[in-house]
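>>> have a look; sequence and predicted model below, questions after that.
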Amino acid sequence: MRLEISCQDRLGITQDILDILVDHEIDLRGIEIDGIGKIYLSFPTMDFTEFQDLMPKIRRIDGIDDVKTTAFMPGERARHQLSAILQTLPDPVFAIDTKGNLISCNNAAEASLELRQADLIGTEIADLVTGFSFTRWLDGKEVLPQSTRVKFIQQDYLADILPVTVPDGQSNPILAGGVIMLKSELRIGQQVNAFHRPSSDSFDLLVAQSTSMKKLVKEAKQIVDLEAPILIFGETGTGKELFAQACQQASRRADAPLESIKCISFTDDIVEAELFGQTEADGSAKGNEKGMLERVQGGTLLLDEIGDMSEHFQQVLLKVLEHGEYTRTGSEEATELDVRIICTTAKDLGLMVEEGRFSKALYYRLNVLSLVMPSLRERKPDIVALAETFIAQHSTKLGKRPAKLSKSCVDFLQQYPWPGNVRQLENALYRAVSLVDGHEITKEDVQLPSCAPTVTYIDENFEGTLDQEVKKFEKDLLRRLYPSYPSTRQLAKKLGLSHTAIANKLREYGINKGTVKI
C-alpha cells in the first residue's frame, strides 16, 4: 500500500507522520519526499478497518492538506522506467561499483555472454571488457566520462564509460560506481550511415569491414563513372548482383533506369525481341513494344551470369557492342546505344573461351573493368556484421524483435567454411529468426550441413617423402591463414605454437606481407 500526502513545508511534519505509523505498529518500507510539498509512504497492505482509523489521524496533523492512495512511489516509477529502457536497449550495458565489480546488466549483455545476471553479479568488469583500466579510472583523482575502444567477447566495441555520483548535501558529489555502454562497429556504422545516408543507396549499405571488401569497394569507386563495361567475378552466393547494383547507384547513371536479366532465361527465339523491341508493319498497338535496351537508354543493363548465355545471345550482344547501335525487329531505323553494361559471372570465362564455349571477342569486349567478389571465407571480419544485418532485416519482415547472437553462435559462424557464401548465411539466419522463441540465437538454432574447411588431400601415389608432403601441407596451411592472422603472435595463438616456432616456419617458407596478399 502506498500513500501520497500533500502538505505544507513545516519543520517536524514528517516526524509527526512517522509517530502515527509507530503507534499503529506499521512496518514502513519506504518514504520519499519530493521537495514540492508531497510525502510518499510505502507499507504492507492493512486491514480496511485499521486503514479507516489511520487516514483521519494523518489528515488532522497540522499542515497536512490531503492524503490519498497512489499506485506507485515516484522512485519506483523512475526505477522501472529506467530498467525498461536498459532492458530494451540492443547494446550491452553494465553497472559497476567503486571496486569495478558488476552490480547489474541488461538483457543484451546477458545474451552476449550467455549468462544470467545473477551469475554475473560480483564479476570484475575487467574480466568481461578488456582494453581499459577500470580500476585506475575509478581510483583517479577526478573520474571523468570516457569513450574508448575495448574488446568484448573477442570483438571490437566502442565503450562509453560514465561515472555514477550521488550528492553529499554540499558541493562535492560522492562516486558510487560507473556505467559502461558498449556499441559494436556494425551499430556505429548503421547509425552514422543513417545520419549521412544520401537519397540513393550505394556502397555505404554494404558490409565491408574486411580488408578484401574494403579493397574491392575502393577499386569499384574508381571505375563506376567510367563508361566501359564492368565484369564482376565471384563464386555463387557472394553477392555479385547486389554489388553490381551498388556500382550503378554510385555512378553518374544512378537516376537513370536499371534493368537486370538472368542470361539463362533468354532463349534464342526471344533474344532480339526482348533486347531490341519490335515494330509491326500494320502499325497495330503491338507495333511499338520497347525492348530492354530502349527502356534503359541512358541507364544501366545488368547481365547476371553471362557464362549462361547461349551462343546466339553472345553473337547478338557482341554485334550491338561492336556497332554501338541496335535496330528494332521489323524496323530499319537504327538507334544509338547509350547503355552502361555491368555483368556478373561465377564461371571461369577464360577457360570457357579456351574450350570454345564462350565468344573470345565478347569476352574481351566485356572484360574491360573487372572486379572480383571475395568469398565469405575471405571475409571473416564481415561475418558477424552480415549476420546481425540479416537478423535485423528478417526480424522486421516477420514483425519480431531482433534476437542477439550468443557467443557460441558467433564462434560457430566464424569457424564454418560457408561453401554457399553470403546467400547460405542469409538463408540459415532466416530459418533461425523464423523459429527462435526467445531473444537469443544460439549455435543450435543455426542448422547447417556438416562441412569441414577446405583441405588439400594427398594422392596415394604421390612422389616424395612423408616429411616433404607434411611440409607442403604446412606451407599451404600457413599461407591460407596468414591473411587473417598477419602477425607471428596472432598466428602462433591460433595454431597453439610458440611465437618463435611460427616465426621460424614463416621464414623457412618465405611467407610475409610481401609474398602473401593480405
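Done, it's in.

>>> who are the contact partners of the closest residue to residue 264 other than its chain neighbours?
Excluding the flanking residues, the one nearest residue 264 by C-beta to C-beta, 6 or more residues apart in numbering is residue 308, at 3.8 Å. C-beta: built from backbone N, CA, C; applies to glycine. By C-beta atoms under 8 Å, 6 or more residues apart in numbering, residue 308 lies in contact with 262-264, 347.

>>> by neighbours, which of those wins?
Highest neighbour count within the contacts of residue 308, by other C-beta atoms under 10 Å: residue 263, with 19 neighbours.

>>> for that one, grab phi and psi.
Taking degrees, to the nearest 10, you get phi -60, psi -30 for the backbone angles of residue 263.

>>> quick revisit: where does the residue nearest to residue 264 land on pLDDT?
At residue 308 the predicted local confidence, pLDDT, stands at 90.

>>> now do it against residue 189, distance only.
From residue 308 across to residue 189, the span is 35 Å (C-beta to C-beta, to the nearest Å).

>>> and the residue nearest to residue 264, how far is that from residue 315?
Distance from residue 308 to residue 315, counting by C-beta to C-beta: 15 Å.

>>> what of residue 245?
For residue 245 relative to residue 315 (C-beta to C-beta), the value is 27 Å.

>>> which of the two has more neighbours?
The residue with more neighbours, out of residue 245 and residue 315, is residue 245; 19 against 15, by other C-beta under 10 Å.

>>> and the helix or strand hosting residue 480, what does it pack onto?
For residue 480, the enclosing helix or strand under DSSP states H and E is helix 466-481. On a contact count with 3 or more C-beta pairs under 8 Å, 6 or more residues apart in numbering; DSSP states H and E, helix 466-481 meets helix 488-495, helix 499-509.

>>> out of these, nearest to residue 478?
Ranking the helices and strands packed on helix 466-481 by proximity to residue 478 (C-beta to C-beta) places helix 499-509 first, at 6.2 Å.

>>> would you list every one of the strands in the stretch 351-500 of the chain?
Using DSSP state E, counting those that start in this stretch, the strands of the stretch 351-500 of the chain run over residues 369-372, 404-405, 440-441.

>>> those: which one's closest to residue 336?
Nearest to residue 336, of all those, is strand 369-372, at 21.7 Å by C-beta to C-beta.

>>> and the contacts of that closest one?
216, 219-220, 223, 226, 228-234, 243.

>>> state the distance from the closest residue to residue 411 other than its chain neighbours to residue 107.
Excluding its sequence neighbours, the residue lying closest to residue 411 (C-beta to C-beta, 6+ apart) is residue 443, at 7.8 Å. Residue 443 sits 19 Å away from residue 107, going by C-beta to C-beta.

>>> low pLDDT regions in the protein?
Along the chain, segments meeting pLDDT under 70 span 35, 81-82, 84-85, 169-171, 190, 192-202, 281-288, 450-463, 514, 516-518.

>>> residue nearest the centroid of it?
Geometric centre of the chain, nearest residue: residue 385, 3.2 Å, by C-alpha atoms, centre = their mean.

>>> and it, what does it touch?
With contact taken as C-beta under 8 Å, 6+ apart, residue 385 is in contact with 184-186, 189, 207, 209.
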